[in-house]
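Enquirer: Fold the following and give me the result.
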Amino acid sequence: MKVRQLHARALDVFAGAICSTLSIAYSLSYAALIFSGPLEHQLSYGVAITFLSAAVAGTIVALRSSLPFAVAGPDSSAVVIFAAMATTLVGRLIAEGRHELLEPVVIAMSITTALTGMLLCVLGFTRAGRAIRFVPYPVIGGFLGATGWLMITGAIRVVTDQAPTIYNVDAFLNTLIAEKLAAALAVALALHFLLRRSKSPFILPGMLFATIAIAHIALLTAGSSVSAAQASGWMFRAQSAASLALPWKLGTLSAFPWASLPSLAGDIVAIMFVTVITLLLNTTGIEIATRREANIERDLRSLGLANLWTAAVGGYVSCTSLSRSTLAHMAGATGRLSGLTVAIIYGALLIVGPGFLGYVPKYVLSGLLFFLGAGLVYQWLIRSSQRLLLIEYLSLIGIALLIVYWGFIAGVLIGVMIGCATFALSVSRVNVIKFNFDGSEYHSSLDRSPRELSLLSDYGTEIQGMALQSYLFFGSANRLYQHVKALLERHPKCRFLIFDFRLVTGIDSSATHSFLQIKEAAAAKGARIVLANLTPELEKSFRAVRFVSNDVITAPDLDRALESCEQAVIEAHQPANNDIGSFRTWLSDALGNPQHAEHLAQYCKRREVQAGEIIARQGEVADAMHFILDGRIGIVVELDEKRTMRVRSLGRHTTIGEMGLITHRVRSATIQAEATSVLYELTAASYERMKTEEPELSQALLGYIVAVLAERLNFANRALGVLQR
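Expert: Next up is the predicted model:
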């Protein structure tokens, strides 16, 4: 057991050492990106606080993350915005004639890091981290795609000491600058092609070390020196050790240009936003790559705590890294010692100092930034076109352009509005009507007599219904209003307009206005509105605009709504002399022979049952069928000891139990009276006697049963046809 533990610890240390080479390369490129231009002479301090940030955040994340092999440090997406923020702040300071640039930049970055840490902790403790997933995909894609583009422009600035703008295009026509750009692009292309051919964790750090070695070999071959390369801008200047100091001193804070802070608010919010997004995306990527499930709330809390501590010592934002964490896992890491090893190596480099940076060619780190930025641009601005609708992809590109030209906050805010508009347009195209039906083809679960069914077949179009779905808002509700107007024009004799809300998830105020228009259109045609399956929330919304009133019928479900409308149509069109009549009169019509009716009545026993009385129980052997002369009978399925469900009802001049009489199978449901009813019962014994004594009557009864079953099957087929529209 101890041998296994030692082996696992050794693998963790090895994986951490391998991962640290990649982490150091990233950190150097990030420091060079932020501390460029007027801050270039402070690059040694930038390297030091980058290493400090990675050491502090890496230690805390390694100890507290839900992924034991997680590696944290400064991340490219946030670093790009830090570079933009530093450029903005330095520009204001220079315009004001101030010469001390480093301390204000460090304070601004530390304040941003502290706010980011607080946000992460709040999201983690309130379990609200996954709310960021409600941000529209085009906004996230545009945000990260623009980040990639800004990283590319930052890479150009690192290697050429020139900001790429339309105003200094002529500067890039210089042969020396073109050569530096070409070298950086060569490194980026080499990384791209090598990493496409192999997934080995050693490719990227090995390539970077090899590029640095080749640069020094080329210097020796050309008879040049490191100092000459530094003077010509091919390498970073020799860096002396930087003395780190806490920024939270009274004198330093009083000298900070607090009036400039509002102008940095956009970048600060952007860093907070992108850090949360990056953590969630990276965590998902790590889960997929390593097949390990993460606890996102715990990771939010651990990273929030890490950034609070980093801000306290004057560092800047760190994030759990996808590439470095998966690299550590691929190298064999299984425990927390891998992340701690990376943090310890960072701490050792703080002691050694940044002097080694003078031997690193600028184009190597610039090439790494090119590679990272191009990857983001390809993934989010190019590849996303394959999985997005055209309108979504165009909005993503538009958001990226807005961010590049107007800044992160303007781009994100406008992007959210574009995303909402795109969503509203897309949802408005979704048909909120799941299916249409009318009373001639789609009935309630109440079995009716042939005469009543005939009336519904002739006049059922006076009942028009729609089963609605999804969320109802101004776009979809207006389309519904237009549909109802056209429907009422096609069916001017419509008496009832049924809306089933069972699948509706919600409604907004503009949609309720469309329903008021529907109500006016229905009233003009003499149709009454029937609402089924209204939730309390929906009913509250309708009552708030006085849509629900005495002239609007509400029903607990669609079946009861249909039943009441059917009854009203039947009563409106049935003959005045439509009395119940005798059992023999009904059977004469059903069997087509008065003599058969008279003889069948002699085999039946008359029963009167009260509401709630059980006629036959589920699980009993079927030993009789019943002719319902008057009243109403329900078919109830017992789900368990306490729960039951009514599946069908039968009205007068219908039958029940005919299949059980013929097959003698166990009853699959309970038969219960729903109202005082008059039944005629034909027992199995009487039926067997009838088959022997009067075979012709038996055949007539079977013909009637077949006709009843055929009608029920026909009804089921019509209902299925309605549902499949």
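Enquirer: ok, residue 88 - contacts?
Expert: By Cβ atoms under 8 Å, 6 or more residues apart in numbering, residue 88 lies in contact with 263-264, 267. In this view, the C-beta of every residue, glycine as well, is placed from N, C-alpha and C.
Enquirer: Ok, residue 295 next?
Expert: Residue 295 makes contacts with residue 66, as judged by Cβ under 8 Å, 6+ apart.
Enquirer: all strands in the stretch 501-650 of the chain, in order from the N-terminus.
Expert: Ranges of strands in the stretch 501-650 of the chain, per DSSP state E, counting those that start in this stretch, are 528-532, 552-555, 605-609, 614-616, 624-630, 633-638, 644-650.
Enquirer: Using TSV, lay out the ones you listed together with mean pLDDT.
Expert: Listed next are the strands of the stretch 501-650 of the chain as TSV, based on pLDDT from 0 to 100:
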stretch	mean pLDDT
strand 528-532	94
strand 552-555	91
strand 605-609	92
strand 614-616	90
strand 624-630	90
strand 633-638	87
strand 644-650	80
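Enquirer: So which of the ones you listed is nearest residue 29?
Expert: Among those, strand 528-532 comes nearest to residue 29, with 63.1 Å by Cβ to Cβ.
Enquirer: buried sites along stretch 53-70?
Expert: Burial within stretch 53-70, assessed by neighbour count using 16 or more other Cβ atoms under 10 Å, is assigned to 53-62, 64-70.
Enquirer: Quick one: the strands of the stretch 501-650 of the chain as a markdown table, columns for distance to residue 542 too.
Expert: Below are the strands of the stretch 501-650 of the chain laid out as a markdown table (distance: least, Cβ to Cβ, whole Å):
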| stretch | distance to residue 542 |
| --- | --- |
| strand 528-532 | 8 |
| strand 552-555 | 8 |
| strand 605-609 | 40 |
| strand 614-616 | 40 |
| strand 624-630 | 38 |
| strand 633-638 | 31 |
| strand 644-650 | 27 |
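Enquirer: can you list the ones you listed in TSV and add distance to residue 694 and mean neighbour count?
Expert: TSV is the format used below for the strands of the stretch 501-650 of the chain (distance: least, Cβ to Cβ, whole Å; neighbours: other Cβ atoms under 10 Å):
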stretch	distance to residue 694	mean neighbour count
strand 528-532	47	21
strand 552-555	46	16
strand 605-609	17	14
strand 614-616	25	17
strand 624-630	17	22
strand 633-638	27	19
strand 644-650	26	16
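Enquirer: Quick one: closest of the ones you listed to residue 479.
Expert: The minimum distance between residue 479 and the strands of the stretch 501-650 of the chain falls on strand 528-532, with 17.8 Å, by Cβ to Cβ.
Enquirer: ok, and what's touching that closest one?
Expert: If you take Cβ under 8 Å, 6+ apart as the criterion, strand 528-532 is touched by 465, 495-502, 518-519, 522, 542, 548, 551-558, 560-561, 564-565.
Enquirer: got it, and stretch 693-707?
Expert: Stretch 693-707 is contacted by residues 590-593, 596, 599-600, 655, 658, 662, 687, 690-691 when judged by Cβ under 8 Å, 6+ apart.
Enquirer: who wins for proximity to residue 378 among the strands of the stretch 501-650 of the chain?
Expert: Across those, closest to residue 378 is strand 528-532 (Cβ to Cβ), at 51.6 Å.
Enquirer: CA atoms of the closest one as CSV?
Expert: Extracted C-alpha coordinates of strand 528-532, given in CSV (Å, rounded to 0.1, in the frame of the first residue of the first chain):
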residue,chain,number,x,y,z
ARG,A,528,-67.8,31.7,-26.0
ILE,A,529,-64.2,31.2,-24.9
VAL,A,530,-63.4,28.1,-22.7
LEU,A,531,-60.1,27.9,-20.8
ALA,A,532,-58.9,24.5,-19.6
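Enquirer: Strand partners (parallel or antiparallel) of it?
Expert: Strand 528-532 has its sheet partners listed here by DSSP bridges as strand 496-507 (parallel), strand 552-555 (parallel).
Enquirer: for those, which one sits closest to residue 83?
Expert: Closest approach to residue 83 among the strands paired with strand 528-532 (Cβ to Cβ): strand 496-507, 43.4 Å.
Enquirer: circling back to that earlier point, go through the contacts of residue 88 and say which is closest to residue 193.
Expert: When the contacts of residue 88 are compared against residue 193 (criterion: Cβ to Cβ), the nearest one is residue 267, at 34.7 Å.
Enquirer: Contacts only, for the nearest residue to the closest one once chain neighbours are set aside.
Expert: Nearest residue to residue 267, sequence neighbours excluded (Cβ to Cβ, 6 or more residues apart in numbering): residue 85, at 3.9 Å. Residue 85 is in contact with 108-109, 112, 264, 267-268, 271, counting by Cβ under 8 Å, 6+ apart.
Enquirer: What residues of the strand or helix carrying residue 219 count as buried?
Expert: If you go by DSSP states H and E, residue 219 is part of helix 203-222. Buried positions in helix 203-222, judged by neighbour count with 16+ other Cβ under 10 Å: 204-205, 207-208, 211-212, 215, 219.
Enquirer: follow-up on the earlier one: let me have the strands paired with strand 528-532 in TSV, extended by distance to residue 622.
Expert: Formatted as TSV, the strands paired with strand 528-532 follow (distance: least, Cβ to Cβ, whole Å):
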stretch	distance to residue 622
strand 496-507	33
strand 552-555	33
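Enquirer: Quick check: which of the ones you listed is buried the most?
Expert: Among the strands paired with strand 528-532, ranked by average contacts under mean count of other Cβ atoms under 10 Å, first place goes to strand 496-507 (a mean of 20).
Enquirer: residues contacting residue 445?
Expert: Contacts of residue 445 by Cβ under 8 Å, 6+ apart are 559, 563, 646-649.
Enquirer: typed the wrong thing, it's residue 341
Expert: Residues counted as contacts of residue 341 (Cβ under 8 Å, 6+ apart) are 12-13, 15-17, 19-20.
Enquirer: how about the nearest residue to residue 16, chain neighbours excluded?
Expert: Closest residue in space to residue 16, ignoring its immediate chain neighbours: residue 341 at 2.6 Å, by Cβ to Cβ, 6+ apart.
Enquirer: what's in contact with stretch 251-258?
Expert: Residues outside stretch 251-258 that contact it (Cβ under 8 Å, 6+ apart): 89, 92-93, 96, 98, 100, 103-104, 107-108, 247.
Enquirer: Weed out the non-buried ones from those.
Expert: Buried members of the contacts of stretch 251-258, scored by 16+ other Cβ under 10 Å, are 89, 92-93, 103-104, 107-108, 247.
Enquirer: least confident pick among these?
Expert: Lowest in pLDDT among those is residue 247, which has 81.
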